[in-house]
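Peer 1: With the input below, show me the fold.
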Amino acid sequence: MSEPKHARRRYGAMAVYHLHLSNGAGYAEDQEGQDLPDLESARAQAIDGIRSVISEEARRGMIDLTGLIEIADPDGNILLIVPFKEAISLRLDG
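Peer 2: This is a model prediction of the structure:
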């Protein structure tokens, strides 16, 4: 995955990525962001966050896979969208 140059900090290898959550419970904007080395690392963080949300939903007995996480740069540009359904594999038979 390539990323825009403006997503990187000029003084180091880390960049700030904001992971905004959108699901049936609403929209949660990540105001602080996270310092991560690249967009692929931000995607891995998003996948981990999605799996955490799904595990909590499973405990309540209802999993909603219609949610997503938007990965944005500090200027608010959406760099990548990670749908919940990309974070898991379902095996329904066997």
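Peer 1: Just to be sure, Ile81 is in a helix?
Peer 2: No: applying DSSP: H, G, I helix; E, B strand; the rest coil, one finds Ile81 to be strand, outside a helix.
Peer 1: bridging residues for it?
Peer 2: Glu70 (DSSP bridges).
Peer 1: So it is in contact with Glu70, correct?
Peer 2: Yes: using C-beta atoms under 8 Å, Ile81 is in contact with Glu70, at 5.5 Å. (Glycine included, C-beta is placed from N, CA and C.)
Peer 1: Between those two, which is the more surrounded one?
Peer 2: Taking other C-beta atoms under 10 Å, Ile81 and Glu70 do not tie; Glu70 has more neighbours (19 against 14).
Peer 1: which residues touch that one?
Peer 2: Neighbouring residues of Glu70 by C-beta atoms under 8 Å, 6 or more residues apart in numbering: Leu19, His20, Ser22, Ile78, Leu80, Ile81.
Peer 1: so which helix or strand takes in the second one?
Peer 2: Spelled out, that is His20. Using DSSP states H and E, His20 sits within strand 15-23.
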